[in-house]
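>>> from the sequence below, what's the structure:
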Amino acid sequence: MGKTAFIFPGQGAQYIGMGKDFYEQIPVSKEVLELASNVSGLDVAALCFEENDKINITEYTQIAMLAMEVAILKAIEERGYKPDVTAGLSLGEYGAITAAGVMSAEDVFKVIRKRGIYMQEAVPEGGAMVAVLGLDTAVIEEVCAKTEGVISIANYNCPGQIVITGESDAAERAVQALKEAGAKRCVPLNVSGPFHSFMLEDAGEKLGQVLNQATVCDIRIPYLSNVTADYVMDKEQVKPLLVRQVSSPVRWQQSVERMIADGVDIFVEIGPGKTLSGFMRKINKEVKTLNIEKVEDLEKLSVLKGE
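Model (predicted):
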């Protein structure tokens with residue numbers, strides 16, 4: 001029997017109504033959303049379920065997404081399922097940390113509420129993120145290095161999909177050069193800032209002060225850092241890596257490849273959408289991927305017990 005990884009998506013997968021069935025049908029999931037509301041001072045259930053303009057603004061997206069990921073995680077744990085390893089993309093790394101037992105749900109909600117605010121405040125005028133499709137990573141890195149202005153790689157998502165981040169003008173210049181270099185498509189992302197760019201270093205520093213007040217427990221289940229695409233072995237590394245994560249590239253493809261090399265053959269995506277499952281098909285078609293975003297999806301987990 002191989003290993004199982006619990007993986008958690010980042011911003012962009014959110015939608016109105018996400019996880020409503022968990023909230024209505026599973027008491028432990030409802031308790032998680034109530035905890036997130038109490039900690040953040042927001043009505044997180046209303047943010048997730050009622051029509052609103054805030055769901056796509058990072059200050060609110062982050063607490064809504066993470067609360068729903070943890071709500072679904074707790075429903076899974078209640079049924080006796082545990083991962084061998086965890087990882088999450090960007091914001092999703094906090095879901096992975098919760099699953100790994102590294103921080104309490106209360107502490108991650110406190111941290112993520114401030115992370116959302118600081119990232120929103122740090123967003124300079126004219127920040128942009130663009131997904132570059134169908135071009136070799138080395139070519140994209142070279143174009144970014146040669147482009148005038150601030151532009152760099154934000155996400156190594158999967159083969160054929162890299163996200164770049166930085167100033168709007170620099171992003172436009174880079175997109176032109178990338179198309180000339182053979183990119184199939186360049187798709188601007190609907191985000192409220194140039195995330196995972198060094199333009200957000202100040203937000204990371206402020207986040208460090210909030211993290212100092214959080215309790216980090218011994219790492220019970222291994223998890224991988226976005227910054228290093230490697231396991232976090234020492235609990236003293238947890239906070240410094242989360243500070244760096246705000247302004248560093250997300251090495252998602254490398255993280256997945258590392259887990260597969262270490263024997264993971266089932267990946268369980270926990271949270272809204274199927275973004276990570278889509279990336280997985282391009283990284284490795286041999287492994288099995290399950291997506292848990294509806295209560296009925298919990299039945300899929302029987303495969304973990306060999307049923």
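>>> quick one: I140 and I164 touch, right?
Yes: at 6.9 Å, I140 counts as touching I164 under the criterion of Cβ atoms under 8 Å. From N, CA and C alone the C-beta is placed, and that goes for glycine too.
>>> so what sits against both of these two?
Residues touching both I140 and I164 (Cβ atoms under 8 Å, 6 or more residues apart in numbering) are V132, I153.
>>> go through stretch 236-252 and flag the buried ones.
Under the neighbour-count criterion of 16 or more other Cβ atoms under 10 Å, stretch 236-252 has 237-239, 241-252 buried.
>>> so for stretch 148-164, mean pLDDT?
Across stretch 148-164, pLDDT averages out at 96.
>>> can you give me the buried ones in it?
The neighbour-count check on stretch 148-164 (16+ other Cβ under 10 Å) flags 150-158, 161-164 as buried.
>>> which ones among those lie within strands?
I151, S152, I153, A154, N155, Y156, N157, C158, Q161, I162, V163, I164 (DSSP state E).
>>> just want the phi and psi numbers for the closest residue to the third one other than its chain neighbours.
Translated: I153. Distances taken as Cβ to Cβ, 6 or more residues apart in numbering place P249 nearest to I153, at 5.0 Å, with adjacent residues excluded. When read as degrees, to the nearest 10, the backbone of P249 gives phi -60, psi 150.
>>> pLDDT score assigned to P249?
For P249, the pLDDT comes out at 96.
>>> just to revisit the earlier point, dump the buried residues of stretch 148-164 to JSON lines, plus distance to A46.
Output for those, formatted as JSON lines (distance: Cβ to Cβ, whole Å):
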{"residue": "V150", "distance to A46": "37"}
{"residue": "I151", "distance to A46": "37"}
{"residue": "S152", "distance to A46": "36"}
{"residue": "I153", "distance to A46": "36"}
{"residue": "A154", "distance to A46": "30"}
{"residue": "N155", "distance to A46": "30"}
{"residue": "Y156", "distance to A46": "35"}
{"residue": "N157", "distance to A46": "31"}
{"residue": "C158", "distance to A46": "34"}
{"residue": "Q161", "distance to A46": "33"}
{"residue": "I162", "distance to A46": "36"}
{"residue": "V163", "distance to A46": "30"}
{"residue": "I164", "distance to A46": "34"}
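>>> just flag the most distant two among these.
Taking Cβ to Cβ as the measure, those span a maximum distance of 24.8 Å, between V150 and C158.
>>> that older thread, how about the residue nearest to I153, what does it touch?
When contacts are counted by Cβ under 8 Å, 6+ apart, P249 touches S152, I153, A154, N155, Y156, H196, N226, V227.
>>> try 7 Å this time
Listed by Cβ atoms under 7 Å, 6 or more residues apart in numbering, the contact set of P249 reads I153, A154, N155, Y156, H196.
>>> confidence score at K305?
Per-residue pLDDT puts K305 at 75.
>>> burial measure for it, as a count.
9 (other Cβ atoms under 10 Å).
>>> what's the separation between it and D297?
Distance, K305 to D297, by Cβ to Cβ, to the nearest Å: 16 Å.
>>> can you check G12 too?
20 Å.
>>> looking at the two, which is more packed in?
Taking other Cβ under 10 Å, G12 and D297 do not tie; G12 has more neighbours (20 against 17).
>>> does that one belong to a helix or a strand, and which?
For G12, there is no helix or strand it lies in under DSSP states H and E.
>>> who's V85 bridged to?
V85 forms beta bridges with A5, as assigned by DSSP bridges.
>>> ok, how many other residues are close to it?
Using other Cβ under 10 Å, V85 has 24 other residues around it.
>>> so it makes contact with K3?
Yes: using Cβ atoms under 7 Å, V85 is in contact with K3, at 6.4 Å.
>>> any common contacting residues for these two?
Contacts common to V85 and K3, judged by Cβ under 7 Å, 6+ apart, are V264.
>>> just for the stretch 1-150 of the chain, where's the confidence low?
Scanning the stretch 1-150 of the chain for pLDDT under 70 picks out the ranges 1, 124-126.
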